[in-house]
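> Sequence below, structure please.
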Amino acid sequence: MALGFFAWYAAVSHLHALLAVTDLVLLSLIPLGIVVALAAWQWYANYLSWRTGISHRTALILDTWTFLPLYLLWLPLALLPFRVISEGPVVIVTIALWGAVKLAAAARLNQTIREVTVTYLVTRIPLIIIALLGATLIGQRAGTHWAASHDLLLTVWGRWDAQHYIEIATSGYHGTNMAFFPLYPLLLAILGKFTGSHLVAGLIVSNAALYLGLLFFYKLVEHELRDRRVAHRAIFYVSVFPTAIFFSAVYTESLFFALTVASFYYIRERKWLLAGIVGAFASATRVEGVLLFVPFAIEWWAAHRNGEPISWRSVLGIGLVPAGMLAYMGYLWVLVGDPLYFSHVQTHWHRHLAPPWVSVGNSIHLITHAHLPQSIAYQSIELVFTALMIAMLAFGFRALRTSYWVYMLLSIIIPLSTSSLMSMPRFALVLFPIFMLLAIWGRRPVVNNAVVAFSLPLLGLFTVLFADWYWIA
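Now for the predicted structure:
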């Protein structure tokens, strides 16, 4: 009933044309809300019973508690005379609590959800504390900086590229903002209508996408290796990687990670159409998403050679992967007359097409001719992480499945071919085959200890630097 009544309140509040038939709308939406809630209750209980093996009755009882947060939807109406709260934030809080209670119930019964949830919480909560302490005790880098919010707890996650995504969500594309692909700012624009803040919307999208990404990554590694311990290590390693701070910031890293891993998961499950749809979303998030076409084709051909017939679903799926990028190119063609403008505008950041070794040579040149220690440090960090990516590519040649290795190769070559190593430590974060390989090696305690000892101190340092407006990737 709360769901239907809130839907009625929101409808008549924003659609004034409905005021003339408000009674009819109320009589329609209240039973509709009850039906939707009961249907959702039954469906999720069936799903929970299927996934965990518990009885349907037990699943219904367990899921009953998750509907208690829905009573928060009465708040805007109860506080209407005081006008202290709008329905947007209430919806967000209600959905968050509803999801959290469902997650807690599922975690009790499902090992995968339990391990992903624990890993997520023990790596994200410390970062929130470190970022806030860094911004409070040290303060931002000297100079005038753009502020995403006046709230310090929130604004520390809106640095550097976050400004572009929030500006696109707020006022659309213009100038150099066209270098950034549309799916992430589109989600910010939609969710921002409910939260009242595109920064808050960005934090919700990034952190929710990270959780889903870790869940898909766990399932993907488990699918490949049939070893839960390796899957657990893989999600932990990627969560504590030195640049994992970007997973929780208003950046595309978490969304792109979730979409690419999910696409690979569905490819390996031979759910071709679903893999293609997810791949299309990935190519609408970042240009590198279109690279999923190649591993998709490799796996599709391997399946065909093993006797799987060519179906319309597989053909349509592989064709959908570049659709996200092509849609954005069409938009740019209409807007500025140049479908490749997202690439051409990269000259603003001194990027242009060049052989891969040129970017390495440029970085070494900058180090040898730098006068400031900070410049030497930045370039050295980029060189070290680039070397790490190339080394993992070499080691993974025999250890990784061909489709994973080829995807990793292309994902390294593309940014290397821009005449600059800028942001390479951040690009390494979404190369999930690296963490699959590390998780396999992590069976040996010495390797596991080395990965953790390398990652955690740098993650803490990079978090403080990011929160204080220092460039890290």
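> Poorly predicted segments of the stretch 1-150 of the chain, please.
1-23, 25-26, 51, 70-92 (pLDDT under 70).
> What segments of it are helices?
2-14, 22-52, 56-64, 75-78, 87-109, 111-137 (DSSP state H, counting those that start in this stretch).
> which secondary structure elements does the third one contact?
Think helix 56-64. In terms of contacts (3 or more C-beta pairs under 8 Å, 6 or more residues apart in numbering; DSSP states H and E), helix 56-64 is packed against helix 22-52, helix 87-109. C-betas here are computed from N, CA, C, even on glycine.
> sorry, back to before: want to try TSV for the helices of the stretch 1-150 of the chain, with mean neighbour count and distance to Val358 as columns?
Shown next, in TSV, are those (neighbours: other C-beta atoms under 10 Å; distance: least, C-beta to C-beta, whole Å):
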stretch	mean neighbour count	distance to Val358
helix 2-14	18	54
helix 22-52	15	51
helix 56-64	16	57
helix 75-78	16	58
helix 87-109	16	46
helix 111-137	17	35
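> Let me have those helices in JSON lines, extended by distance to His344.
Below are those laid out as JSON lines (distance: least, C-beta to C-beta, whole Å):
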{"stretch": "helix 2-14", "distance to His344": "41"}
{"stretch": "helix 22-52", "distance to His344": "47"}
{"stretch": "helix 56-64", "distance to His344": "52"}
{"stretch": "helix 75-78", "distance to His344": "47"}
{"stretch": "helix 87-109", "distance to His344": "38"}
{"stretch": "helix 111-137", "distance to His344": "35"}
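> before we move on, back to that, now render the helices and strands packed on helix 56-64 as CSV, adding distance to Val261.
Output for these, formatted as CSV (distance: least, C-beta to C-beta, whole Å):
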stretch, distance to Val261
helix 22-52, 20
helix 87-109, 19
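> Can you give me the neighbour number for Pro242?
Neighbour count for Pro242, taken as other C-beta atoms under 10 Å: 23.
> again, but for the one 5 residues further on
By other C-beta under 10 Å, the residues close to Phe247 number 28.
> quick one: contacts for it?
Ser206, Asn207, Leu210, Ser239, Glu253, Ser254, Phe257, Leu429 (C-beta atoms under 8 Å, 6 or more residues apart in numbering).
> quick one, phi psi at the nearest residue to the last one once chain neighbours are set aside?
By that I understand Leu429. Spatial nearest neighbour of Leu429, chain neighbours left out: Thr243 (4.8 Å); criterion: C-beta to C-beta, 6 or more residues apart in numbering. Dihedral angles of Thr243 (phi, psi; degrees, to the nearest 10) stand at phi -100, psi 20.
> Look up how far Glu253 lies from Thr243.
8 Å (C-beta to C-beta, to the nearest Å).
> Name the residues contacting each of those two.
Arg426, Leu429.
> So which of the contacts of Phe247 are in helices?
Ser206, Asn207, Leu210, Ser239, Glu253, Ser254, Phe257, Leu429 (DSSP state H).
> need these in JSON lines with distance to Ala45, pLDDT and neighbour count, can you?
Below are the ones in helices among the contacts of Phe247 laid out as JSON lines (distance: C-beta to C-beta, whole Å; pLDDT from 0 to 100; neighbours: other C-beta atoms under 10 Å):
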{"residue": "Ser206", "distance to Ala45": "31", "pLDDT": "95", "neighbour count": "26"}
{"residue": "Asn207", "distance to Ala45": "27", "pLDDT": "93", "neighbour count": "17"}
{"residue": "Leu210", "distance to Ala45": "27", "pLDDT": "96", "neighbour count": "24"}
{"residue": "Ser239", "distance to Ala45": "31", "pLDDT": "97", "neighbour count": "23"}
{"residue": "Glu253", "distance to Ala45": "35", "pLDDT": "97", "neighbour count": "27"}
{"residue": "Ser254", "distance to Ala45": "30", "pLDDT": "97", "neighbour count": "26"}
{"residue": "Phe257", "distance to Ala45": "31", "pLDDT": "98", "neighbour count": "26"}
{"residue": "Leu429", "distance to Ala45": "37", "pLDDT": "96", "neighbour count": "24"}
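> Reformat the residues you listed as a markdown table; add distance to Met392.
Converted to a markdown table, the ones in helices among the contacts of Phe247 look like this (distance: C-beta to C-beta, whole Å):
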| residue | distance to Met392 |
| --- | --- |
| Ser206 | 25 |
| Asn207 | 27 |
| Leu210 | 22 |
| Ser239 | 18 |
| Glu253 | 18 |
| Ser254 | 21 |
| Phe257 | 16 |
| Leu429 | 13 |
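> Could you identify the most distant pair in the residues you listed?
Maximum pairwise distance in the ones in helices among the contacts of Phe247, criterion C-beta to C-beta, is 15.0 Å, between Asn207 and Leu429.
> pLDDT score assigned to the closest residue to Gln346 other than its chain neighbours?
Closest residue in space to Gln346, ignoring its immediate chain neighbours: Ala179 at 6.0 Å, by C-beta to C-beta, 6+ apart. Per-residue pLDDT puts Ala179 at 93.
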